[in-house]
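Coordinates for the following, if possible.
(2 chains)
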Amino acid sequence: MNLGQAIRDRDVAELPGKRDEDWRWTDLRGLIRVVPEPSAPVDPRDVGQGPFEHLVSDSYVIANGRDDVRIAVGPGEAATIALRLLARGAGAHTSRVEVHVAAGGRLTLLETYEGDTGGYVAHAALAIRLDDGAAMERIVLAADGAEGVSVSEAEVQLGAQADYGQSVLLSGARRQRVETRVAHPGGGAKLRLDGVYLLADKRHADLTTVVTHQGTDGVTMQMAKGVVRDQSRGIFQGRIVVAEGADRTDARMEHHALILSDRAEVDAKPELEIYADDVACSHGNTVGALDEDALFYARQRGIPDAEARALLTEAFIGEVIDRIGHEGAREIVRNWAAERLKG
Amino acid sequence: MLTVNDLHATVGGAEILKGLSLDVPAGEVHAIMGPNGAGKSTLSYVLTGRGGYDVTSGSATLDGEDLLALDPNERAARGVFLSFQYPLEIPGVPALTFIRTALNAQKKARGEDEIAAPAFLKLAREKAAALKIDFEMLKRPLNVGFSGGEKKRMEILQMAILSPRMLILDETDSGLDIDALKIVAAGVNALRAPDRAMLVITHYQRLLDYIRPDRVHVLAGGRIVASGGPELALELEREGYDKYARAA
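Predicted coordinates for the structure are as follows:
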């Protein structure tokens, strides 16, 4: 199954769906009866400015799948780059992005998915490669439209001593999924794989990650949090595989979600598959309502109910946002999240 | 100040307060003592409006205003403050942010101007120093990872900054060593004022060595069964609650 190919071929039979274990909660095959016509080109004068563009020197725009992008950071170089994937209208399109950070290079990639109100079907495939000792922080702000179907799939290959941090922010769509697969070589490489979904109305978001620890002495730290209200649905699928012999792996996964209405839903599948003997691995998963005791405490101090709820919810999410390294991006993300949390 | 009259309240359908009456005039400190399960914490939650504590009859007024008709935050804005037996941890909200949000919410409810950041920081710095709280601690999420003693000190700090009129201290001495107890008690005593009243709820007499009450009430079986001067606390310490528990 290759989603990008299925969209290009307009072959609904090849779309992933219920029968594919990793897609059972985001059933595209059941949803899409006909893959739409290819999306029309977007006038380059009509793309506006992205939320992060003022923070960077280089910016790439992929509008309705036009123009694949290659980003390369040379040995010892540093770059902060914006990557915008725009979806306009009700067509279908796919995009490809390649990112390479050479040994000792550093890249901050500020990636946005910006959709309009159309019923588009969009797919992006990213291939990200970090050489030994390279560092990258990837911040993904997925702001799709309510009617869009948007899937982003990234394959990440880390070198030894590489340092890769990722923060994905999702506000949902008709169907929205950001998937990251990381080949982790161990060898002192460090991985941070964070995510936040903030959903309202009937939006659906799916945060899926798969990390495979292939060698000894690798670190993975994952913190995902979600807030769902109205009739929205959040999905977290996190799998960490520690291959045989990948000893001294340190892998921690946490997923916590707040459900703020009776009709909202969260489906979570945290998985650790451990084939090595000497590892430190843990996962925690909670799904629940706002802590009524904390709420009463805040109100006893004089904070009205709605304000107390907003304060506690922002704080809940803030723990993940605080982990974003790039200061400017962190504050933009914080404001973006606060906007989404206003009921 | 605080007048409670024939108050009945249930928790989960069980009647816990069974006709409790109490009058705490401005300027006075009253202690409520009683055995476990007497309804001490229930009284503090009923007065502050916690969900799940249902008043079935009776009244509670603050300077004549019906407290029971108000939301918890409205009661706070009127000056009712509860120092929790087990202060909550608020992950992700720095203590300073929390206290300033609370102070400004109260001011807004009272139609007063909000306090500006520099003035607030000055106030917080001053009050923290008096309670021997490291100012850096106030930048950390409220109570997260704090020791029992630190949490209690944070309660008193919030009290000092919010400057309430009616203070309810629920088992404020629990979990405190003697040094922490002295600091906390000094913080509370500094708030004694002619226009303030305090209700000190405690199981043990120890706290009352440091916060001297004007009156002591014995709460047993959901009612006040005896009242007296400070000497009553000493008697309870010597003789226990047995005779009152039987009376209830």
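
contacts, neighbours, all on C-alpha from now
OK.

Mind checking if stretch B:30-44 is in reach of chain A?
No - contact of stretch B:30-44 with chain A is not found when judged by CA under 8 Å from any CA of the partner chain; the minimum separation is 11.2 Å.

looking only at pLDDT, what's the mean for that stretch?
Rounded to a whole number, the mean pLDDT of stretch B:30-44 is 92.

tell me the SS of residue 89?
Went with chain A since none was named. coil (DSSP: H, G, I helix; E, B strand; the rest coil).

how many other residues sit next to it?
For A:Gly89, the number of neighbouring residues by other CA atoms under 10 Å in any protein chain shown comes to 17.

so what's A:Lys342 scoring on pLDDT?
According to the model, A:Lys342 carries a pLDDT of 77.

List the residues that contact it.
When the contact criterion is CA atoms under 8 Å, 6 or more residues apart in numbering or on different chains, the partners of A:Lys342 are A:Ala310.

in stretch B:198-218, what's buried?
By neighbour count on 16 or more other CA atoms under 10 Å in any protein chain shown, the buried set for stretch B:198-218 is B:198-205, B:207-208, B:210-213, B:215-218.

I should have written stretch A:66-83 there, sorry.
For stretch A:66-83, the neighbour count (16+ other CA under 10 Å) marks A:Arg66, A:Val69, A:Ile71, A:Ala72, A:Val73, A:Gly74, A:Ala78, A:Ala79, A:Thr80, A:Ile81, A:Ala82, A:Leu83 as buried.

what's the answer for stretch A:55-63, then?
Of the residues in stretch A:55-63, A:Ser59, A:Tyr60, A:Val61, A:Ile62, A:Ala63 count as buried by neighbour count, 16+ other CA under 10 Å.

picking up where we left off before, give me the subset of the buried residues of stretch B:198-218 that lies in strands.
Using DSSP state E, B:Met198, B:Leu199, B:Val200, B:Ile201, B:Thr202, B:Arg215, B:Val216, B:His217, B:Val218 are the members of the buried residues of stretch B:198-218 that sit in strands.

So among the residues you listed, where is pLDDT lowest?
Lowest in pLDDT among those is B:Thr202, which has 91.

just for chain A, where's the confidence low?
Segments of chain A classed as low confidence (criterion: pLDDT under 70) are A:1, A:343.

so who does whichever residue of the stretch 101-250 of chain A sits closest to chain B touch?
Per CA to the nearest CA, the residue of the stretch 101-250 of chain A with the smallest distance to chain B is A:Lys225, at 13.1 Å. With contact taken as CA under 8 Å, 6+ apart, A:Lys225 is in contact with A:Gly195, A:Val196, A:Tyr197, A:His255, A:His256, A:Ala257, A:Phe316, A:Ile317, A:Val320.

In TSV: the residues you listed, plus neighbour count, secondary structure and distance to chain B.
What follows is the contacts of A:Lys225, written out as TSV (neighbours: other CA atoms under 10 Å in any protein chain shown; DSSP: H, G, I helix; E, B strand; the rest coil; distance: CA to the nearest CA, whole Å):
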residue	neighbour count	secondary structure	distance to chain B
A:Gly195	26	strand	16
A:Val196	28	strand	15
A:Tyr197	28	strand	17
A:His255	23	strand	15
A:His256	20	strand	13
A:Ala257	28	strand	14
A:Phe316	22	helix	6
A:Ile317	26	helix	8
A:Val320	20	helix	10
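
Determine the three-state secondary structure at B:Glu150.
Assigned by three-state DSSP, the conformation of B:Glu150 is helix.

Identify the residues contacting it.
By CA under 8 Å, 6+ apart, the contact set of B:Glu150 is B:Asn143.

Could you report the pLDDT at it?
The per-residue pLDDT reported for B:Glu150 equals 90.

Pull up the residues of chain B that are close to chain A.
If contacts are counted using CA under 8 Å from any CA, the residues of chain B sitting beside chain A are B:48, B:50-51, B:72-77, B:81-82, B:87-93, B:101-103, B:105-106.

Helices of chain B, start to end?
Assigned by DSSP state H, the helices in chain B fall at B:40-48, B:72-77, B:95-109, B:117-130, B:148-162, B:178-189, B:231-239, B:242-247.

coming back round to it: filter the buried residues of stretch A:66-83 down to just the ones in strands.
Using DSSP E to define strands, the subset of those located there is A:Val69, A:Ile71, A:Ala72, A:Val73, A:Ala78, A:Ala79, A:Thr80, A:Ile81, A:Ala82, A:Leu83.

what's the burial count for the residue lying closest to B:Leu103 once chain neighbours are set aside?
Closest residue to B:Leu103 in three dimensions, ignoring its sequence neighbours and counting by CA to CA, 6 or more residues apart in numbering or on different chains: B:Leu162, at 5.8 Å. Counted with other CA under 10 Å, residues neighbouring B:Leu162 total 22.

can you check A:Thr249 too?
27.

Can you spell out which residues form a bridge with it?
A:Val279 (DSSP bridges).

if we can go back for a sec, ranking the helices of chain B by burial, who's on top?
Comparing these on average neighbours per residue, with mean count of other CA atoms under 10 Å in any protein chain shown, the densest one is helix B:72-77 at a mean of 27.

just checking, what packs against that one?
Secondary-structure packing of helix B:72-77 (3 or more CA pairs under 8 Å, 6 or more residues apart in numbering or on different chains; DSSP states H and E): helix A:292-300, helix B:40-48, helix B:95-109.

One more pass at 6 Å, please.
For helix B:72-77, the contact count by 3 or more CA pairs under 6 Å, 6 or more residues apart in numbering or on different chains; DSSP states H and E identifies helix A:292-300 as packing neighbours.

how distant is the helix it packs on from the center of its chain?
The chain centre lies 32 Å from the centre of helix A:292-300; the measure is CA atoms, centre = their mean, to the nearest Å.

which residues does the most centrally placed residue in chain A contact?
If you average the C-alpha coordinates of chain A and look for the closest C-alpha using CA atoms, centre = their mean, you land on A:Val168, 3.4 Å from that point. Under the criterion of CA atoms under 6 Å, 6 or more residues apart in numbering or on different chains, the contact list for A:Val168 reads A:Ile139, A:Val140, A:Gly195.
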